[in-house]
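Enquirer: this one's structure only:
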């Protein structure tokens, strides 16, 4: 499965003893199953003696690895609650140690060196799966289908290993269609852990896999964080690690806009840069390591204060209660004001530049629109992947809103052409984008492009807070020192205090990251705000108890 030695380390006797104190020893015969592919709940298993085959339940009954004495089974799904991707079948009889997932999480949190070894193995195994070591989830659908695009985007952003098969290009699809008696109207189809899901939404797929609130026993939390970008994930890490019963929800997938970034190079500590997807994955694992519950896709539509507690209403009608709430919903992408935009958003207009979109473009010419760092990073990434890139900005100078290191890289890249003082005025193509009409210093021209990447800014995702928190004239959430006395009113005077850092006009409701008025729109700043806000939450909860 993976040559990486960290993927299947051998535990020493002292480490096994830690698990023996909380686990259950069992004798297993050859052919016994410890768990099956598709199981919604399963244990963490250590092989004490004998051997276990990790099996993909396909027609070939593929064995991907055989752990032996001192090695352990499991993957990140044990922390996230996702159904088992594989089956574990005893190959040689022996003794096995079963540890429930909640007790595994406790050991990881309280035994740092042992926890690091287990997490490193889990992440190495996931990396191998993502690299194609085995196929667990198959998506069958046309590249021109918006539903297919949305499913693939969800799976990619949640870092769930999957394979995409295009019925217009992959001959294997015919066998799948016959095997499952599929009709063209059934597509897109997701085949996951033995089940066939016809035309599922990302929410329905997430529910089946085990990523939604219906799979959690609780509906009441110390802290609910709405938004899973860098600010929200940082808040989840610090909230859970400091003992707060924490829930995080995101309307699309964890990572926010940063999660779609191909490369973040100016984040402290990452000298060679890090992709948004990898940074998100690390943050997710940290939060789940400390016991935070995370759910996506999950959209908050309102928050209310009732009897000293908050209730957050979700789009599916679910209501969760919280002693404190952090709003980290960020901002939503602005859309170009041109005709036919919605038509091409299904297959040729993108708001992120990741491996998924780069593969869609397959080296064809593309256009990137925007003058900020996100646009610059996308242009470099796509050009490095083999596409000829036209970077279009409205300003007269790249330096107006972009970091200097990116400007230097853009102007020197042989596959990137920069057009300044230029606007998009039209889109052309039949079925998929073929060209973009632009208006600039040389008048109106037609630029060939198989895809357009739009990074023209964003507006605050704050509508769910209206009526509960004061907003500025652009819709961003006002906090702490930005709140005037007349906005706070008599209720705050009765409390005898000013708002805490990141606290809104509603006591106990906090806002961090891009949704907050006056925030610095950078990943590092968002992480700092999310982390620091948890200290203010603790102060609020202390007030709340007196």
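Expert: Nice, I can see it. Remember, predicted model here, so these are calculated numbers, not experimental data. Residues are numbered from 1 along each chain as shown.

Enquirer: Each with direction, which strands does the helix or strand where residue 90 lies pair with?
Expert: Residue 90 belongs to strand 87-92 when assigned by DSSP states H and E. Partners of strand 87-92 in the sheet, by DSSP bridges, are strand 33-35 (antiparallel), strand 51-56 (antiparallel).

Enquirer: after the longest one comes which helix or strand?
Expert: It refers to strand 51-56. strand 62-65.

Enquirer: Return the list of strands paired to that following strand, each annotated with direction.
Expert: Here, using DSSP bridges, strand 62-65 pairs with strand 51-56 (antiparallel).

Enquirer: Look up which residues are beta-bridged to residue 440.
Expert: Beta-bridge partners, per DSSP bridges, of residue 440: residue 443.

Enquirer: Distance of it relative to residue 264?
Expert: 30 Å (CB to CB, to the nearest Å). In short, each C-beta sits where N, CA and C put it, glycine included.

Enquirer: Those two: which is more packed in?
Expert: residue 264 (21 against 15; other CB atoms under 10 Å).

Enquirer: and the more buried one, how far is that from residue 413?
Expert: From residue 264 to residue 413 the distance is 18 Å (CB to CB).

Enquirer: where does stretch 298-315 sit relative to the chain's centre, distance-wise?
Expert: Put simply, stretch 298-315 sits 22 Å off its chain's centre (CA atoms, centre = their mean, to the nearest Å).

Enquirer: first to last residue in that stretch, what's the distance?
Expert: One end of stretch 298-315 to the other measures 7 Å (CA to CA, to the nearest Å).

Enquirer: residues in contact with it?
Expert: 212-213, 224, 226, 249-251, 316, 319-325, 327, 329, 464-465, 468, 506, 508-509, 544 (CB atoms under 8 Å, 6 or more residues apart in numbering).

Enquirer: Average pLDDT for that stretch, rounded please.
Expert: In this model, stretch 298-315 has a mean pLDDT of 91.

Enquirer: Give me the buried stretch members for it, please.
Expert: 298, 299, 300, 302, 303, 310, 311, 312, 313, 314 (16 or more other CB atoms under 10 Å).

Enquirer: List just the nearest of these to residue 407.
Expert: Checking these against residue 407 with CB to CB, the nearest one is residue 299 at 36.8 Å.

Enquirer: number of nearby residues for residue 188?
Expert: Neighbours around residue 188, by other CB under 10 Å: 23.

Enquirer: tell me the phi and psi of it?
Expert: phi -70, psi 150 (degrees, to the nearest 10).

Enquirer: Okay, it and residue 530: tell me how far apart.
Expert: On the measure of CB to CB, residue 188 and residue 530 end up 35 Å apart.

Enquirer: So what touches the one helix or strand residue 237 maps to?
Expert: Using DSSP H and E, residue 237 maps to helix 230-241. Around helix 230-241, the neighbours that count as contacts under CB under 8 Å, 6+ apart are 109, 222-223, 225-226, 228, 246, 248, 250, 254-256, 258, 279-280, 283-284, 286-287, 290-292, 294, 326, 328, 330, 512-514, 523, 526-531, 533-534, 537.

Enquirer: Mark which of those residues are part of helices, please.
Expert: 109, 279-280, 283-284, 286-287, 523, 526-531, 533-534, 537 (DSSP state H).

Enquirer: which of the contacts of stretch 298-315 count as buried?
Expert: Here the buried ones among the contacts of stretch 298-315, as counted with 16+ other CB under 10 Å, turn out to be 212-213, 224, 226, 249-251, 320, 322-325, 327, 329, 464-465, 468, 506, 508-509.

Enquirer: how about the spatially closest residue to residue 145 that is not a sequence neighbour, what does it touch?
Expert: Excluding the flanking residues, the one nearest residue 145 by CB to CB, 6 or more residues apart in numbering is residue 188, at 5.9 Å. With contact set as CB under 8 Å, 6+ apart, residue 188 has these partners: 139, 140, 141, 142, 145, 147, 148, 151, 199, 200.
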